[in-house]
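> Sequence plus predicted model, see below.
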Amino acid sequence: MKEFSLWNFLPLIGVVIFVSLTLQAAQSETPTIDEFAHVPAGYTYLRYGSFDLYAKNPPLMKLLMAFPFFMEDGIFIAPTNTEKNDWSPWIYGFQFMKDNQQKYFKLFFLARLIPIIMGTLTGLILYHWIRDLFGVQSAAITCTLYFLSPSILAHSHLATIDSGCMFAMILSLYTFRWAYQNPSYFRIAGAGAIWGVALLIKFTAILFFPAYFVLVFVFRWRQKLKIFPEFLTLVFFAVLILNTGMGFKGTMEPLGNFNFQSSFGKSVQSLLPPSLVIPLPKSYLIGFDEQKHDTEQGEFDSNNYLLGEFSQKGWWYYNFVAFAAKTPLPFLAMLIVCPYFIRNSNLARQELATILIPLTTLIFFVNFFNHLNIGIRYLLPIFPLLFLLTASIWQKFNNRTSQFATGIILFYYLYTAVSIHPNYLSYFNQGFGGPAQGHQVLLDSNLDWGQDLYQIKPALNRLQHTGKIGLLYFGHVDPAMYGIEYELVPPWPIPGLLAVSINFLMGMNYIVTAPDGKIFQVASNHLAWLRSHQPVMRLGSIWIFDTRETILSNENQ
(Lines give C-alpha, C1' and ligand atoms only; values in the text may rest on other atoms or scores of the structure.)
Protein backbone atom coordinates (compact mmCIF):
# COMPACT_ATOMS: atom_id res chain seq x y z
CA MET A 1 0.00 0.00 0.00
CA LYS A 2 2.89 2.33 0.79
CA GLU A 3 4.51 1.69 -2.61
CA PHE A 4 1.18 2.22 -4.35
CA SER A 5 0.70 5.61 -2.69
CA LEU A 6 4.24 6.77 -3.45
CA TRP A 7 4.04 5.82 -7.12
CA ASN A 8 0.66 7.46 -7.53
CA PHE A 9 2.09 10.66 -6.12
CA LEU A 10 4.46 10.93 -9.09
CA PRO A 11 1.87 11.36 -11.90
CA LEU A 12 -0.05 13.72 -9.63
CA ILE A 13 3.01 15.96 -9.63
CA GLY A 14 3.17 15.54 -13.40
CA VAL A 15 -0.45 16.66 -13.77
CA VAL A 16 0.13 19.72 -11.61
CA ILE A 17 3.21 20.72 -13.60
CA PHE A 18 1.45 20.03 -16.91
CA VAL A 19 -1.60 22.12 -16.05
CA SER A 20 0.51 24.95 -14.61
CA LEU A 21 2.77 25.17 -17.66
CA THR A 22 0.00 24.89 -20.23
CA LEU A 23 -2.20 27.45 -18.48
CA GLN A 24 0.62 29.98 -18.41
CA ALA A 25 1.51 29.31 -22.06
CA ALA A 26 -2.16 29.53 -23.04
CA GLN A 27 -2.45 32.91 -21.39
CA SER A 28 0.64 34.42 -22.98
CA GLU A 29 1.07 33.07 -26.51
CA THR A 30 -0.48 34.77 -29.52
CA PRO A 31 -3.31 32.89 -31.27
CA THR A 32 -1.76 30.74 -33.97
CA ILE A 33 -2.77 30.60 -37.63
CA ASP A 34 -5.22 27.72 -37.20
CA GLU A 35 -6.62 28.99 -33.89
CA PHE A 36 -7.36 32.30 -35.59
CA ALA A 37 -9.95 30.46 -37.73
CA HIS A 38 -11.00 27.54 -35.50
CA VAL A 39 -12.26 29.56 -32.55
CA PRO A 40 -14.55 32.00 -34.40
CA ALA A 41 -15.87 29.14 -36.55
CA GLY A 42 -16.78 27.17 -33.42
CA TYR A 43 -18.71 30.10 -32.01
CA THR A 44 -20.69 30.46 -35.25
CA TYR A 45 -21.68 26.80 -34.88
CA LEU A 46 -23.09 27.54 -31.43
CA ARG A 47 -24.87 30.73 -32.41
CA TYR A 48 -26.19 29.87 -35.86
CA GLY A 49 -26.33 26.06 -35.89
CA SER A 50 -24.54 25.79 -39.24
CA PHE A 51 -21.32 23.83 -39.72
CA ASP A 52 -20.42 25.23 -43.15
CA LEU A 53 -17.65 27.61 -42.03
CA TYR A 54 -14.36 25.71 -41.91
CA ALA A 55 -15.97 22.39 -42.80
CA LYS A 56 -12.48 21.08 -43.57
CA ASN A 57 -12.54 19.79 -39.99
CA PRO A 58 -15.51 18.18 -38.20
CA PRO A 59 -17.30 20.54 -35.81
CA LEU A 60 -17.21 18.99 -32.33
CA MET A 61 -13.85 20.22 -31.04
CA LYS A 62 -14.51 23.73 -32.32
CA LEU A 63 -17.91 23.66 -30.65
CA LEU A 64 -16.39 22.57 -27.34
CA MET A 65 -13.73 25.28 -27.48
CA ALA A 66 -16.44 27.90 -27.96
CA PHE A 67 -18.56 26.73 -25.01
CA PRO A 68 -16.59 28.74 -22.42
CA PHE A 69 -17.64 31.90 -24.27
CA PHE A 70 -20.95 31.64 -22.43
CA MET A 71 -19.00 32.91 -19.42
CA GLU A 72 -18.51 36.23 -21.25
CA ASP A 73 -21.04 38.90 -22.17
CA GLY A 74 -20.97 41.24 -25.14
CA ILE A 75 -19.32 38.96 -27.71
CA PHE A 76 -20.20 40.07 -31.21
CA ILE A 77 -20.49 37.35 -33.83
CA ALA A 78 -21.40 38.43 -37.35
CA PRO A 79 -23.44 36.20 -39.68
CA THR A 80 -21.25 34.03 -41.87
CA ASN A 81 -20.81 34.85 -45.53
CA THR A 82 -22.70 32.46 -47.81
CA GLU A 83 -19.86 32.55 -50.37
CA LYS A 84 -17.26 30.01 -49.27
CA ASN A 85 -13.65 29.54 -50.38
CA ASP A 86 -10.40 28.28 -48.85
CA TRP A 87 -9.75 31.59 -47.11
CA SER A 88 -13.27 32.12 -45.75
CA PRO A 89 -12.46 30.94 -42.18
CA TRP A 90 -9.55 33.39 -41.94
CA ILE A 91 -11.47 36.26 -43.52
CA TYR A 92 -14.14 35.63 -40.92
CA GLY A 93 -11.42 35.45 -38.27
CA PHE A 94 -10.34 39.00 -39.16
CA GLN A 95 -13.92 40.17 -38.69
CA PHE A 96 -14.17 38.41 -35.33
CA MET A 97 -10.91 40.01 -34.18
CA LYS A 98 -12.08 43.47 -35.29
CA ASP A 99 -15.44 43.10 -33.53
CA ASN A 100 -14.05 41.79 -30.22
CA GLN A 101 -10.71 43.52 -29.73
CA GLN A 102 -11.20 44.36 -26.05
CA LYS A 103 -11.66 40.74 -24.99
CA TYR A 104 -10.03 38.97 -27.93
CA PHE A 105 -7.10 37.42 -26.05
CA LYS A 106 -9.29 36.44 -23.10
CA LEU A 107 -11.64 34.58 -25.45
CA PHE A 108 -8.75 32.60 -26.86
CA PHE A 109 -7.51 31.77 -23.38
CA LEU A 110 -10.97 30.42 -22.53
CA ALA A 111 -11.00 28.36 -25.73
CA ARG A 112 -7.56 26.95 -24.88
CA LEU A 113 -8.85 25.54 -21.60
CA ILE A 114 -10.59 22.74 -23.53
CA PRO A 115 -7.41 21.31 -25.15
CA ILE A 116 -5.67 21.49 -21.75
CA ILE A 117 -8.48 19.38 -20.29
CA MET A 118 -8.22 16.97 -23.25
CA GLY A 119 -4.46 16.62 -22.78
CA THR A 120 -4.94 15.93 -19.07
CA LEU A 121 -7.64 13.32 -19.69
CA THR A 122 -5.43 11.57 -22.23
CA GLY A 123 -2.79 11.16 -19.53
CA LEU A 124 -5.36 9.73 -17.12
CA ILE A 125 -6.54 7.18 -19.70
CA LEU A 126 -2.91 6.21 -20.26
CA TYR A 127 -2.42 5.75 -16.55
CA HIS A 128 -5.35 3.36 -16.17
CA TRP A 129 -4.46 1.41 -19.31
CA ILE A 130 -0.79 1.02 -18.39
CA ARG A 131 -1.64 0.10 -14.80
CA ASP A 132 -3.76 -2.78 -16.15
CA LEU A 133 -0.95 -3.96 -18.41
CA PHE A 134 2.27 -3.38 -16.47
CA GLY A 135 1.40 -2.21 -12.97
CA VAL A 136 1.38 1.01 -10.98
CA GLN A 137 5.10 1.72 -11.26
CA SER A 138 5.08 1.66 -15.06
CA ALA A 139 1.90 3.73 -15.17
CA ALA A 140 3.30 6.37 -12.83
CA ILE A 141 6.62 6.81 -14.65
CA THR A 142 5.20 6.70 -18.18
CA CYS A 143 2.37 9.14 -17.48
CA THR A 144 4.77 11.58 -15.87
CA LEU A 145 6.94 11.45 -19.00
CA TYR A 146 3.81 12.03 -21.08
CA PHE A 147 2.87 15.14 -19.08
CA LEU A 148 6.40 16.56 -19.46
CA SER A 149 6.79 15.83 -23.20
CA PRO A 150 7.42 18.97 -25.32
CA SER A 151 5.08 18.02 -28.18
CA ILE A 152 2.27 17.18 -25.75
CA LEU A 153 2.78 20.48 -23.91
CA ALA A 154 2.98 22.34 -27.23
CA HIS A 155 -0.32 21.18 -28.69
CA SER A 156 -2.33 20.72 -25.51
CA HIS A 157 -2.57 24.45 -24.84
CA LEU A 158 -3.57 25.61 -28.34
CA ALA A 159 -7.19 25.97 -29.45
CA THR A 160 -6.84 23.59 -32.38
CA ILE A 161 -8.20 20.13 -33.22
CA ASP A 162 -5.05 18.17 -32.43
CA SER A 163 -5.25 17.65 -28.66
CA GLY A 164 -8.93 16.74 -28.94
CA CYS A 165 -8.16 14.25 -31.70
CA MET A 166 -5.46 12.59 -29.58
CA PHE A 167 -7.84 12.31 -26.61
CA ALA A 168 -10.84 11.07 -28.59
CA MET A 169 -8.86 8.41 -30.45
CA ILE A 170 -7.17 6.95 -27.36
CA LEU A 171 -10.53 7.02 -25.56
CA SER A 172 -12.11 5.21 -28.51
CA LEU A 173 -9.41 2.55 -28.47
CA TYR A 174 -9.60 2.19 -24.69
CA THR A 175 -13.37 1.73 -24.94
CA PHE A 176 -12.93 -0.88 -27.69
CA ARG A 177 -10.53 -2.76 -25.41
CA TRP A 178 -13.06 -2.55 -22.58
CA ALA A 179 -15.81 -3.87 -24.86
CA TYR A 180 -13.84 -6.98 -25.78
CA GLN A 181 -12.72 -7.79 -22.25
CA ASN A 182 -16.26 -9.04 -21.73
CA PRO A 183 -17.89 -8.87 -25.17
CA SER A 184 -21.57 -7.98 -25.54
CA TYR A 185 -23.49 -6.01 -28.13
CA PHE A 186 -24.19 -3.37 -25.52
CA ARG A 187 -20.47 -2.83 -24.92
CA ILE A 188 -19.65 -2.93 -28.63
CA ALA A 189 -22.36 -0.35 -29.27
CA GLY A 190 -20.77 1.85 -26.60
CA ALA A 191 -17.36 1.49 -28.25
CA GLY A 192 -18.93 2.45 -31.58
CA ALA A 193 -20.54 5.52 -30.00
CA ILE A 194 -17.18 6.72 -28.64
CA TRP A 195 -15.65 6.16 -32.07
CA GLY A 196 -18.44 8.34 -33.44
CA VAL A 197 -17.34 11.11 -31.05
CA ALA A 198 -13.78 10.79 -32.40
CA LEU A 199 -15.16 11.05 -35.95
CA LEU A 200 -16.88 14.30 -34.93
CA ILE A 201 -13.53 15.76 -33.84
CA LYS A 202 -11.16 14.94 -36.69
CA PHE A 203 -11.21 12.95 -39.92
CA THR A 204 -8.12 11.04 -38.75
CA ALA A 205 -10.51 8.80 -36.79
CA ILE A 206 -11.73 7.37 -40.12
CA LEU A 207 -8.44 5.44 -40.21
CA PHE A 208 -9.77 3.30 -37.37
CA PHE A 209 -12.18 1.69 -39.86
CA PRO A 210 -9.64 -0.83 -41.22
CA ALA A 211 -7.92 -1.07 -37.82
CA TYR A 212 -11.13 -2.00 -36.01
CA PHE A 213 -12.09 -4.56 -38.64
CA VAL A 214 -8.74 -6.32 -38.18
CA LEU A 215 -9.05 -6.10 -34.40
CA VAL A 216 -12.54 -7.61 -34.39
CA PHE A 217 -11.14 -10.44 -36.51
CA VAL A 218 -8.25 -10.93 -34.06
CA PHE A 219 -10.61 -11.08 -31.10
CA ARG A 220 -13.20 -13.27 -32.83
CA TRP A 221 -11.22 -15.45 -35.21
CA ARG A 222 -12.35 -18.59 -33.32
CA GLN A 223 -15.97 -17.41 -33.62
CA LYS A 224 -16.00 -16.20 -37.21
CA LEU A 225 -19.77 -15.83 -37.43
CA LYS A 226 -19.60 -12.98 -34.93
CA ILE A 227 -17.03 -10.91 -36.85
CA PHE A 228 -19.31 -9.12 -39.30
CA PRO A 229 -22.31 -8.58 -36.99
CA GLU A 230 -20.08 -7.08 -34.29
CA PHE A 231 -18.12 -4.93 -36.71
CA LEU A 232 -21.33 -3.66 -38.30
CA THR A 233 -22.66 -2.85 -34.82
CA LEU A 234 -19.50 -0.86 -34.15
CA VAL A 235 -19.85 1.05 -37.44
CA PHE A 236 -23.60 1.60 -37.07
CA PHE A 237 -23.35 3.30 -33.69
CA ALA A 238 -20.33 5.35 -34.81
CA VAL A 239 -22.30 6.64 -37.81
CA LEU A 240 -25.38 7.20 -35.64
CA ILE A 241 -23.46 9.39 -33.18
CA LEU A 242 -21.77 11.21 -36.06
CA ASN A 243 -25.13 12.01 -37.64
CA THR A 244 -26.71 12.94 -34.33
CA GLY A 245 -23.87 15.32 -33.55
CA MET A 246 -24.42 17.11 -36.85
CA GLY A 247 -28.21 17.08 -36.68
CA PHE A 248 -28.58 14.65 -39.61
CA LYS A 249 -28.12 17.66 -41.95
CA GLY A 250 -27.82 16.46 -45.53
CA THR A 251 -27.75 12.80 -44.51
CA MET A 252 -28.75 10.29 -47.22
CA GLU A 253 -27.79 12.65 -50.04
CA PRO A 254 -27.25 10.81 -53.39
CA LEU A 255 -23.60 10.38 -54.32
CA GLY A 256 -24.18 12.05 -57.68
CA ASN A 257 -25.09 15.35 -55.97
CA PHE A 258 -21.52 15.88 -54.75
CA ASN A 259 -18.82 17.74 -56.65
CA PHE A 260 -15.66 16.20 -55.22
CA GLN A 261 -12.26 17.87 -55.55
CA SER A 262 -9.96 15.07 -54.39
CA SER A 263 -8.77 12.27 -56.64
CA PHE A 264 -9.97 9.82 -54.01
CA GLY A 265 -13.48 11.29 -54.02
CA LYS A 266 -13.67 11.34 -57.80
CA SER A 267 -12.51 7.72 -57.97
CA VAL A 268 -15.16 6.60 -55.51
CA GLN A 269 -17.78 8.57 -57.41
CA SER A 270 -16.80 6.93 -60.70
CA LEU A 271 -16.99 3.41 -59.25
CA LEU A 272 -20.35 3.67 -57.46
CA PRO A 273 -23.81 4.47 -58.85
CA PRO A 274 -24.77 8.16 -58.54
CA SER A 275 -28.13 7.21 -57.02
CA LEU A 276 -26.40 5.60 -54.02
CA VAL A 277 -27.38 7.50 -50.87
CA ILE A 278 -24.62 8.31 -48.38
CA PRO A 279 -25.50 7.85 -44.67
CA LEU A 280 -23.30 10.77 -43.62
CA PRO A 281 -24.02 14.50 -43.19
CA LYS A 282 -23.37 16.41 -46.40
CA SER A 283 -20.99 18.95 -44.87
CA TYR A 284 -19.01 16.12 -43.25
CA LEU A 285 -18.45 14.44 -46.60
CA ILE A 286 -17.58 17.75 -48.29
CA GLY A 287 -15.14 18.57 -45.50
CA PHE A 288 -13.47 15.18 -45.75
CA ASP A 289 -13.10 15.62 -49.50
CA GLU A 290 -11.50 19.06 -49.02
CA GLN A 291 -9.10 17.65 -46.43
CA LYS A 292 -8.26 14.70 -48.69
CA HIS A 293 -7.58 17.10 -51.54
CA ASP A 294 -5.09 18.95 -49.30
CA THR A 295 -3.30 15.73 -48.42
CA GLU A 296 -3.00 14.97 -52.14
CA GLN A 297 -2.01 18.42 -53.41
CA GLY A 298 -0.84 20.48 -50.43
CA GLU A 299 -2.65 23.28 -48.61
CA PHE A 300 -2.99 26.75 -50.21
CA ASP A 301 -0.25 25.73 -52.69
CA SER A 302 2.26 26.02 -49.87
CA ASN A 303 5.61 24.28 -50.02
CA ASN A 304 6.58 21.50 -47.66
CA TYR A 305 9.94 21.95 -45.96
CA LEU A 306 12.43 19.39 -44.68
CA LEU A 307 16.16 19.64 -43.94
CA GLY A 308 16.61 22.91 -45.80
CA GLU A 309 14.65 21.95 -48.92
CA PHE A 310 11.16 22.80 -50.18
CA SER A 311 8.93 20.41 -52.09
CA GLN A 312 5.35 20.62 -53.30
CA LYS A 313 4.77 16.86 -53.05
CA GLY A 314 6.62 16.28 -49.81
CA TRP A 315 8.49 13.19 -48.64
CA TRP A 316 7.23 9.77 -47.52
CA TYR A 317 9.76 9.86 -44.65
CA TYR A 318 8.89 13.40 -43.50
CA ASN A 319 7.05 12.34 -40.34
CA PHE A 320 9.82 9.95 -39.33
CA VAL A 321 12.35 12.78 -39.45
CA ALA A 322 9.96 15.17 -37.73
CA PHE A 323 9.33 12.67 -34.95
CA ALA A 324 13.04 11.99 -34.53
CA ALA A 325 13.80 15.73 -34.34
CA LYS A 326 10.94 16.79 -32.06
CA THR A 327 11.09 13.93 -29.54
CA PRO A 328 13.42 13.89 -26.51
CA LEU A 329 16.37 11.56 -27.06
CA PRO A 330 15.57 9.31 -24.05
CA PHE A 331 12.18 8.49 -25.52
CA LEU A 332 13.73 7.55 -28.87
CA ALA A 333 16.06 5.21 -26.97
CA MET A 334 13.06 3.72 -25.13
CA LEU A 335 11.32 2.97 -28.43
CA ILE A 336 14.40 1.11 -29.65
CA VAL A 337 14.71 -1.14 -26.59
CA CYS A 338 11.03 -1.60 -25.69
CA PRO A 339 10.51 -4.64 -28.03
CA TYR A 340 12.91 -6.58 -25.79
CA PHE A 341 10.91 -5.68 -22.67
CA ILE A 342 7.57 -6.40 -24.34
CA ARG A 343 8.82 -9.80 -25.42
CA ASN A 344 9.81 -10.62 -21.84
CA SER A 345 6.59 -9.34 -20.33
CA ASN A 346 3.40 -11.27 -19.80
CA LEU A 347 1.45 -9.10 -22.21
CA ALA A 348 -1.31 -11.04 -23.94
CA ARG A 349 -1.25 -11.14 -27.73
CA GLN A 350 -4.67 -9.53 -27.99
CA GLU A 351 -3.53 -6.67 -25.75
CA LEU A 352 -0.48 -6.14 -27.95
CA ALA A 353 -2.64 -6.27 -31.07
CA THR A 354 -4.94 -3.58 -29.63
CA ILE A 355 -1.93 -1.25 -29.58
CA LEU A 356 0.05 -2.33 -32.64
CA ILE A 357 -2.73 -2.62 -35.23
CA PRO A 358 -4.08 0.94 -34.80
CA LEU A 359 -0.52 2.25 -34.47
CA THR A 360 0.59 0.55 -37.71
CA THR A 361 -2.54 1.72 -39.51
CA LEU A 362 -2.05 5.35 -38.49
CA ILE A 363 1.66 5.36 -39.37
CA PHE A 364 1.01 3.74 -42.75
CA PHE A 365 -1.74 6.10 -43.92
CA VAL A 366 -0.31 9.30 -42.43
CA ASN A 367 3.07 8.70 -44.07
CA PHE A 368 2.26 7.10 -47.40
CA PHE A 369 -1.04 8.75 -48.33
CA ASN A 370 -0.34 12.30 -47.25
CA HIS A 371 1.55 15.00 -49.14
CA LEU A 372 0.73 17.62 -46.52
CA ASN A 373 4.03 17.76 -44.62
CA ILE A 374 3.46 20.71 -42.28
CA GLY A 375 3.59 19.45 -38.70
CA ILE A 376 4.26 16.70 -36.21
CA ARG A 377 0.83 17.54 -34.80
CA TYR A 378 -0.63 15.10 -37.35
CA LEU A 379 1.17 12.36 -35.42
CA LEU A 380 -0.28 13.35 -32.07
CA PRO A 381 -2.80 10.43 -31.94
CA ILE A 382 0.19 8.07 -32.25
CA PHE A 383 1.95 9.39 -29.14
CA PRO A 384 -0.26 7.66 -26.50
CA LEU A 385 0.19 4.33 -28.30
CA LEU A 386 3.97 4.76 -28.23
CA PHE A 387 3.85 5.58 -24.53
CA LEU A 388 1.86 2.37 -24.00
CA LEU A 389 4.64 0.36 -25.66
CA THR A 390 7.49 2.01 -23.75
CA ALA A 391 5.67 1.47 -20.44
CA SER A 392 6.87 -2.14 -20.55
CA ILE A 393 10.40 -0.93 -19.76
CA TRP A 394 9.55 0.23 -16.24
CA GLN A 395 7.81 -2.93 -15.10
CA LYS A 396 10.96 -4.53 -13.69
CA PHE A 397 13.10 -1.45 -13.00
CA ASN A 398 13.43 -2.19 -9.30
CA ASN A 399 17.17 -2.26 -8.49
CA ARG A 400 19.15 0.81 -7.49
CA THR A 401 20.87 1.23 -10.85
CA SER A 402 17.61 1.21 -12.79
CA GLN A 403 15.95 3.51 -10.25
CA PHE A 404 18.83 5.94 -10.61
CA ALA A 405 18.44 5.84 -14.41
CA THR A 406 14.71 6.47 -14.00
CA GLY A 407 15.40 9.50 -11.83
CA ILE A 408 17.84 10.90 -14.40
CA ILE A 409 15.31 10.55 -17.21
CA LEU A 410 12.52 12.13 -15.18
CA PHE A 411 14.78 15.03 -14.22
CA TYR A 412 15.82 15.42 -17.88
CA TYR A 413 12.18 15.70 -18.93
CA LEU A 414 11.39 18.13 -16.13
CA TYR A 415 14.39 20.32 -16.97
CA THR A 416 13.45 20.30 -20.67
CA ALA A 417 9.83 21.24 -19.98
CA VAL A 418 10.76 24.11 -17.66
CA SER A 419 13.79 25.44 -19.55
CA ILE A 420 12.02 25.91 -22.91
CA HIS A 421 8.75 27.15 -21.41
CA PRO A 422 6.61 28.47 -23.05
CA ASN A 423 8.32 27.93 -26.42
CA TYR A 424 7.28 24.30 -26.80
CA LEU A 425 6.56 24.58 -30.52
CA SER A 426 10.22 25.56 -30.99
CA TYR A 427 11.58 22.43 -29.29
CA PHE A 428 14.09 20.23 -31.10
CA ASN A 429 16.28 17.64 -29.42
CA GLN A 430 20.07 17.91 -29.15
CA GLY A 431 20.59 15.34 -31.87
CA PHE A 432 19.26 17.89 -34.38
CA GLY A 433 21.00 20.90 -32.84
CA GLY A 434 18.31 21.86 -30.33
CA PRO A 435 15.92 24.83 -30.68
CA ALA A 436 18.70 27.04 -32.07
CA GLN A 437 19.01 24.84 -35.21
CA GLY A 438 15.42 23.67 -35.59
CA HIS A 439 14.82 25.92 -38.61
CA GLN A 440 17.38 23.88 -40.55
CA VAL A 441 15.17 20.82 -40.13
CA LEU A 442 11.48 21.83 -40.02
CA LEU A 443 9.26 24.89 -40.35
CA ASP A 444 5.55 25.76 -40.20
CA SER A 445 3.60 24.43 -37.20
CA ASN A 446 6.70 22.52 -36.06
CA LEU A 447 8.33 25.82 -35.17
CA ASP A 448 6.66 29.00 -36.37
CA TRP A 449 2.87 29.17 -36.23
CA GLY A 450 2.45 32.83 -35.31
CA GLN A 451 2.62 32.14 -31.56
CA ASP A 452 5.42 34.56 -30.61
CA LEU A 453 4.11 37.97 -31.69
CA TYR A 454 3.49 38.82 -28.02
CA GLN A 455 7.25 38.72 -27.33
CA ILE A 456 8.16 41.59 -29.67
CA LYS A 457 7.03 44.58 -27.59
CA PRO A 458 8.86 43.50 -24.38
CA ALA A 459 11.96 42.82 -26.50
CA LEU A 460 11.80 46.32 -28.01
CA ASN A 461 11.58 47.74 -24.49
CA ARG A 462 14.70 45.80 -23.50
CA LEU A 463 16.45 47.18 -26.58
CA GLN A 464 15.20 50.65 -25.59
CA HIS A 465 13.68 51.10 -29.03
CA THR A 466 10.72 53.39 -29.68
CA GLY A 467 8.81 54.06 -32.86
CA LYS A 468 8.27 51.84 -35.87
CA ILE A 469 10.04 48.64 -36.71
CA GLY A 470 10.15 46.53 -39.86
CA LEU A 471 7.93 43.47 -39.42
CA LEU A 472 7.19 40.35 -41.41
CA TYR A 473 5.06 38.17 -39.16
CA PHE A 474 3.80 34.69 -40.05
CA GLY A 475 0.34 35.02 -38.55
CA HIS A 476 -2.90 36.97 -38.65
CA VAL A 477 -3.30 38.73 -35.29
CA ASP A 478 -3.03 42.52 -35.64
CA PRO A 479 0.37 43.63 -34.20
CA ALA A 480 -1.27 46.91 -33.12
CA MET A 481 -3.14 44.92 -30.47
CA TYR A 482 0.25 44.51 -28.75
CA GLY A 483 1.16 48.17 -29.24
CA ILE A 484 3.59 47.42 -32.09
CA GLU A 485 4.09 50.17 -34.68
CA TYR A 486 5.40 48.66 -37.87
CA GLU A 487 5.84 48.70 -41.61
CA LEU A 488 6.32 45.64 -43.77
CA VAL A 489 9.88 44.56 -44.53
CA PRO A 490 10.42 44.86 -48.31
CA PRO A 491 12.28 42.34 -50.49
CA TRP A 492 15.39 44.59 -50.63
CA PRO A 493 17.91 45.71 -48.02
CA ILE A 494 16.77 48.45 -45.64
CA PRO A 495 18.36 49.87 -42.48
CA GLY A 496 16.36 49.44 -39.28
CA LEU A 497 15.27 47.19 -36.48
CA LEU A 498 13.49 44.27 -38.11
CA ALA A 499 11.39 41.50 -36.56
CA VAL A 500 10.77 38.59 -38.93
CA SER A 501 9.25 35.14 -38.60
CA ILE A 502 11.68 32.31 -39.24
CA ASN A 503 9.31 30.80 -41.83
CA PHE A 504 9.70 33.86 -44.04
CA LEU A 505 13.43 34.10 -43.38
CA MET A 506 13.94 30.53 -44.58
CA GLY A 507 11.85 31.09 -47.71
CA MET A 508 8.24 30.08 -47.10
CA ASN A 509 5.55 31.97 -48.98
CA TYR A 510 2.37 33.17 -47.31
CA ILE A 511 0.29 36.29 -46.85
CA VAL A 512 0.87 39.24 -44.50
CA THR A 513 -1.28 42.15 -43.43
CA ALA A 514 -0.03 45.73 -43.77
CA PRO A 515 -0.83 48.38 -41.13
CA ASP A 516 -3.61 49.73 -43.36
CA GLY A 517 -5.27 46.30 -43.50
CA LYS A 518 -4.24 45.42 -47.05
CA ILE A 519 -3.11 41.85 -47.74
CA PHE A 520 0.18 41.14 -49.48
CA GLN A 521 1.67 37.89 -50.75
CA VAL A 522 5.20 37.18 -49.51
CA ALA A 523 7.23 35.36 -52.16
CA SER A 524 9.70 32.57 -51.42
CA ASN A 525 12.87 34.68 -51.67
CA HIS A 526 11.43 37.82 -50.09
CA LEU A 527 14.01 37.89 -47.28
CA ALA A 528 16.94 36.33 -49.11
CA TRP A 529 18.93 39.53 -48.53
CA LEU A 530 18.55 39.24 -44.76
CA ARG A 531 19.89 35.71 -44.39
CA SER A 532 23.50 36.89 -44.33
CA HIS A 533 22.82 39.03 -41.25
CA GLN A 534 22.99 37.81 -37.66
CA PRO A 535 19.99 38.35 -35.36
CA VAL A 536 20.49 40.43 -32.23
CA MET A 537 17.72 38.54 -30.45
CA ARG A 538 15.73 35.34 -30.92
CA LEU A 539 12.18 35.28 -29.60
CA GLY A 540 11.26 31.67 -30.22
CA SER A 541 10.05 31.72 -33.83
CA ILE A 542 10.66 35.46 -34.39
CA TRP A 543 14.14 36.84 -34.87
CA ILE A 544 15.10 40.48 -34.46
CA PHE A 545 17.78 42.00 -36.71
CA ASP A 546 19.47 45.38 -36.49
CA THR A 547 20.61 46.31 -40.00
CA ARG A 548 21.16 50.02 -39.41
CA GLU A 549 24.93 50.05 -39.23
CA THR A 550 25.47 47.34 -41.84
CA ILE A 551 23.17 48.77 -44.50
CA LEU A 552 24.26 52.38 -43.98
CA SER A 553 27.91 51.34 -44.05
CA ASN A 554 27.40 49.51 -47.35
CA GLU A 555 25.59 52.53 -48.81
CA ASN A 556 28.48 54.85 -47.90
CA GLN A 557 31.09 52.65 -49.53
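Structure received.
> Give me the pLDDT for the residue nearest to H439 when sequence neighbours are not counted.
Ranked by Cβ to Cβ, 6 or more residues apart in numbering and with sequence neighbours excluded, the top spatial neighbour of H439 is I502, at 4.9 Å. To be clear about C-beta, it is placed using only N, CA and C from the backbone, and glycine gets the same treatment. Note on I502: pLDDT of 97.
> show me the contacts for I502.
Taking Cβ atoms under 8 Å, 6 or more residues apart in numbering, we find I502 in contact with 439, 443, 447-448, 474, 541-543.
> wait, which of those is closest to N367?
L443 (18.9 Å; Cβ to Cβ).
> State the phi and psi torsions of the closest one.
For L443, the backbone dihedrals are phi -130, psi -160 (criterion: degrees, to the nearest 10).
> Now for it, how many residues are close by?
For L443, the neighbour count with other Cβ atoms under 10 Å is 29.
> correct me, but it touches N509?
No: at 11.5 Å, L443 and N509 do not qualify as touching, with contact defined as Cβ atoms under 8 Å.
> Closest to E485 out of the contacts of I502?
The closest of those to E485 turns out to be I542 (Cβ to Cβ; 16.0 Å).
> Which pLDDT value belongs to the residue nearest to that closest one when sequence neighbours are not counted?
The spatially closest residue to I542, leaving aside those adjacent along the chain, is D452, at 4.7 Å (Cβ to Cβ, 6+ apart). D452 carries a pLDDT value of 96.
> quick one: D452 and L539 touch, right?
Yes: applying Cβ under 8 Å, one finds D452 in contact with L539, separated by 5.3 Å.
> Compare the two and say which is more crowded by neighbours.
Shown here are D452 and L539; by other Cβ under 10 Å, D452 has more neighbours (29 against 18).
> per-residue pLDDT, L389?
What the model reports for L389 is a pLDDT of 96.
> so what's it closest to, chain neighbours aside?
Closest residue to L389 apart from its sequence neighbours, by Cβ to Cβ, 6+ apart: C338 at 5.1 Å.
> ok, now L23?
Closest residue to L23 apart from its sequence neighbours, by Cβ to Cβ, 6+ apart: I116 at 6.6 Å.
> Give me the mean pLDDT for whichever helix or strand the residue nearest to L389 is part of.
Following DSSP states H and E, the helix or strand that holds C338 is helix 329-343. Helix 329-343 shows a mean pLDDT of 95.
> What is it packed up against?
Helices and strands touching helix 329-343, by 3 or more Cβ pairs under 8 Å, 6 or more residues apart in numbering; DSSP states H and E, are helix 383-390, helix 400-419.
> hmm, back to that, distance check, the residue nearest to I542 against V522.
Distance check for D452 against V522: by Cβ to Cβ, to the nearest Å, it reads 17 Å.
> and what of I502?
13 Å.
> what touches both of those two?
By Cβ under 8 Å, 6+ apart, no residue touches both I502 and V522.
> So what's the residue count around the nearest residue in space to V536 that is not next to it in sequence?
In this structure, V536 finds its nearest non-sequential neighbour in D546, 4.9 Å apart by Cβ to Cβ, 6+ apart. Using other Cβ under 10 Å, the number of residues around D546 comes to 18.
> can you start the count at 405 instead of 1 from here on
All set: I'll call the first residue 405, so the last point we hit is now D950.
> beta partners for D950?
Bridge pairing for D950 (DSSP bridges) gives the partners L901.
> wait, doesn't it sit right on L934?
No: if you go by Cβ under 8 Å, D950 and L934 don't touch, sitting 11.4 Å apart.
> got any residues that touch both of those two?
L902.
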